[in-house]
Structures are given as structure tokens and as C-alpha cells.
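In: Sequence and predicted structure are below.
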Amino acid sequence: MGYDIHRLEEGRKLVLGGVEIPHTRGLAGHSDGDVLIHAIIDALLGACTQGDIGQHFPDDDPKYKDIASVELLSQIRGLVAKMGRIEHIDCTVVAEAPKLAPHIEDVRRKLGEVLELTDDKISVKAKTAEGLGPVGEGKAIEAYAVALVDL
């Protein structure tokens with residue numbers, strides 16, 4: 001299982017699952033702040049007992065500054081491929097805005113491309129926080145992911 005949360009801030013692009021989503025603010029982070037991919041990376045690493053995203057891509061390493069998270073996911077896919085096979089990814093993104101439903105299929109396609117999986121192996125859902133907490137107040141976006149890996 002993987003989880004991530006990032007603050008929304010002005011002057012950044014909003015990238016979720018490797019897809020740029022039109023919005024007035026983007027996610028803060030050392031990389032592009034893609035919470036969905038970060039949650040997936042942690043889920044994959046956890047399934048393979050390989051630590052977490054911070055161990056592989058430290059946020060104090062300048063080579064990862066503003067890197068596209070799809071690049072990080074591609075590297076992790078290579079690591080996982082040496083150990084086994086990704087069977088399924090299930091994800092949930094929690095955000096008050098923007099509405100993500102129109103972008104879900106693009107996100108699934110992008111993730112499938114990077115992970116070399118067919119669409120039927122990737123589930124992406126969007127929820128709101130019903131106005132509760134920093135996500136509900138529109139200050140952040142969070143994501144959860146579960147990965148099934150055959151080792």
C-alpha cells in the first residue's frame with residue numbers, strides 16, 4: 001500500500017498520474033509533486049520489500065529537483081521487473097477540485113504505458129474529502145494505491 005499528500009500552490013502545474021490536469025494551482029514538491037505516482041511507487045516498493053520512495057529518490061538530491069514522476073515510476077518498474085510481475089494497481093485520488101472524472105481514462109492510459117500494463121490491470125478512482133481537513137478545504141491533494149505483485 002502506498003500513500004502521499006502534497007500542498008497545492010500557485011505557479012505550479014497540476015500533474016496526476018503523469019497527466020497534466022488544467023487547474024489554477026499545482027502540487028508542491030521536490031519533483032513535479034505527482035501524489036498519485038508517488039503513492040503507486042510506495043505501493044510497488046512495499047510489495048517487493050524495497051523500502052519507500054524517499055530511500056530511492058531522496059528529496060535533498062538535486063538530480064531529482066523538478067523531475068517528472070513518470071521517470072521515477074519507470075525506474076521502479078524496472079526494479080520490480082527484476083523481482084517479479086505487476087499484476088494489478090488500484091488507486092484513489094482525493095481532491096476537492098478540479099473534478100478528475102474527465103481525466104481518469106487518460107491517467108489510466110499513461111500509467112499503463114509507463115508500467116507496461118493493459119488498462120484492465122489499472123484502476124483509478126477519484127473522491128472528495130467532503131470539505132473535511134486540508135484536502136477538503138482545497139489546500140492539498142492526496143492519493144492511495146495498492147499494488148499486487150507476483151514475486
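Out: Yes, it's here. Numbers count the residues shown, from 1 in each chain.
In: can we go C-alpha only for contacts and neighbour counts from here?
Out: Noted.
In: Now for the residue nearest to Arg85 when sequence neighbours are not counted: which residues touch it?
Out: In space, Arg85 comes closest to Asp150 once its chain neighbours are excluded; the distance is 5.2 Å by CA to CA, 6 or more residues apart in numbering. Taking CA atoms under 8 Å, 6 or more residues apart in numbering, we find Asp150 in contact with 84-87.
In: most neighbours, which of those residues?
Out: With neighbours taken as other CA atoms under 10 Å, the top of those is Ile86, carrying 20 neighbours.
In: all strands of this protein, in order?
Out: Secondary structure of the chain (DSSP state E): strands located at 2-9, 14-16, 19-21, 26-27, 85-94, 122-127, 140-150.
In: Next, the angle from the first one to strand 85-94.
Out: Strand 2-9 and strand 85-94 meet at an angle of 40 degrees, taking axes from the mean of the first three to the mean of the last three CA atoms, to 10 degrees as the criterion.
In: which strands and helices sit next to strand 2-9?
Out: Secondary-structure packing of strand 2-9 (3 or more CA pairs under 8 Å, 6 or more residues apart in numbering; DSSP states H and E): strand 26-27, helix 35-47, strand 140-150.
In: What lies in contact with the longest helix seen in the chain?
Out: For the chain, the longest helix by residue count, based on DSSP state H, is helix 69-83. By CA under 8 Å, 6+ apart, the surrounding residues in contact with helix 69-83 are 17-18, 31-34, 37-38, 41, 44-45, 48, 57, 86, 114-115, 151.
In: do that again at 7 Å, thanks
Out: Outside helix 69-83, the residues within contact range by CA atoms under 7 Å, 6 or more residues apart in numbering are 18, 31-32, 34, 37, 41, 114-115, 151.
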